[in-house]
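Engineer: sequence and predicted model, in that order:
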Amino acid sequence: MKGAKSKSESKKPGSRLSVKKREAPAKKAKDPNKPKRPASAFFVFMEDFRKQYKEKHPNNKSVSVVGKAGGEKWKSMSEAEKAPFVAKAEKRKSEYDKTLQAYNKKLAEGKPDEEEEEDESDKSKSEVHDDDDDSGDDEEEDDE
């Protein structure tokens, strides 16, 4: 078989088909000023349940046991028993919506300068103002 390539000859080490891995898109840094999402009705319930459970079981150190007991209790509750927790959750949700709208409005107005200032320095505002008042000699002492 002249001119015919055997299977072993046609495969070169570099000629294998390879799957190109896509690079994950760069994640945006989370804005620490963004309001946190409100707790669901179940988590509002769990706030109270944890306190009650710890009073009844002071020796229990396991978080999972408390969570499982809370989940079982929540499932066994009627809609009427859940209603106060649902109402609290809805109230928190409406407050969150207002806060989020205010936050988005600030972003739309364009205040990226604040983020840049935060990146430049981890110092609190009081420390920054203290440094402005001093002649700068204290900064050298702090670094030692």
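Structural biologist: Done, it's in.
Engineer: pull the helix or strand with minimum mean pLDDT from the chain.
Structural biologist: Using mean pLDDT, DSSP states H and E, the weakest-scoring helix or strand in the chain turns out to be helix 112-120, at a mean of 47.
Engineer: mind listing what's buried in the helix or strand where residue 101 lies?
Structural biologist: Under the criterion of DSSP states H and E, residue 101 resides in helix 79-109. Buried positions in helix 79-109, judged by neighbour count with 16 or more other Cβ atoms under 10 Å: 82, 85, 88, 89, 92. For every residue, glycine as well, the C-beta is placed using N, CA and C.
Engineer: out of those residues, flag the one nearest to residue 66.
Structural biologist: Set against residue 66, the nearest of the buried residues of helix 79-109 by Cβ to Cβ is residue 85 (16.7 Å).
Engineer: pLDDT value on the closest one, please?
Structural biologist: With respect to pLDDT, residue 85 scores 96.
Engineer: name the nearest residue to residue 70, sequence neighbours excluded.
Structural biologist: Distances taken as Cβ to Cβ, 6 or more residues apart in numbering place residue 49 nearest to residue 70, at 4.6 Å, with adjacent residues excluded.
Engineer: meant to ask about residue 50, not that
Structural biologist: Nearest-residue entry for residue 50: residue 66, 5.9 Å, with adjacent residues in sequence omitted and distances by Cβ to Cβ, 6+ apart.
Engineer: check residue 86 too.
Structural biologist: Closest residue in space to residue 86, ignoring its immediate chain neighbours: residue 41 at 4.4 Å, by Cβ to Cβ, 6+ apart.
Engineer: tell me the contacts of the one you found?
Structural biologist: 82, 85, 86, 88, 89 (Cβ atoms under 8 Å, 6 or more residues apart in numbering).
Engineer: quick check: the farthest pair among the residues you listed?
Structural biologist: Largest pairwise distance in the contacts of residue 41, by Cβ to Cβ, is 10.6 Å, between 82 and 88.
Engineer: what about this structure, any weak spots by pLDDT?
Structural biologist: For the chain, applying pLDDT under 70 flags the ranges 1-15, 18, 111-144.
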